[in-house]
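Student: Need the 3D shape of this:
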Amino acid sequence: MTPNKKGMARVRFLTLKTAIAEEMEQGYNRSDIFQKHHDVLQMSYSQFTRHVRKFILGLPSQQPKRGLPPASSTAIEKQSPEVSSKRRAFSPRPINFHPSPDRKLIAHWLSPAEGTEK
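Tutor: Numbering: from 1, shown residues only. Take a look at the predicted model:
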């Protein structure tokens, strides 16, 4: 397939729109129609099905919208507002940070694990 100017595949599809719509009404499936007109259309099957949905069936495209989901579908709203009695509330553990740790401890961390020595 050679690269085309943007929109030329749509133009070729629209020229065959009536023939494709008639074949769909006769009961042919989309893949058979695509195979029949593939040489003329010069587009991928996924693009062909998008054009069928948009120009023949009049359905909106199924492409996911980019960006954040609507507020009603967030996971926070799906959680129950009540806290289960079986769960304990989260409490973080204290962090033991030593800016200058013990040299023996550092040597232990950097030594190979037991049983993996060469």
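
Student: where does the chain have its least confident helix or strand?
Tutor: Lowest on mean pLDDT, DSSP states H and E among the helices and strands of the chain sits helix 75-78, with a mean of 54.

Student: after that one comes which helix or strand?
Tutor: helix 103-110 (DSSP states H and E).

Student: residues contacting His37?
Tutor: 16, 19-20 (C-beta atoms under 8 Å, 6 or more residues apart in numbering). Placement of C-beta: from N, CA and C, glycine included.

Student: Next, count neighbours for Phe13.
Tutor: 23 (other C-beta atoms under 10 Å).

Student: ok, for it, nearest residue in space, not its chain neighbours?
Tutor: Closest residue to Phe13 in three dimensions, ignoring its sequence neighbours and counting by C-beta to C-beta, 6 or more residues apart in numbering: His51, at 4.7 Å.

Student: try Phe48
Tutor: Going by C-beta to C-beta, 6+ apart, Phe48 has Phe34 as its nearest residue, at 4.9 Å.

Student: what is the rounded mean pLDDT of stretch 23-30?
Tutor: Mean pLDDT, computed over stretch 23-30, is 92.

Student: outside of that stretch, which residues touch it?
Tutor: Contacts for stretch 23-30 (C-beta under 8 Å, 6+ apart): 33, 36, 48-49, 52, 56.
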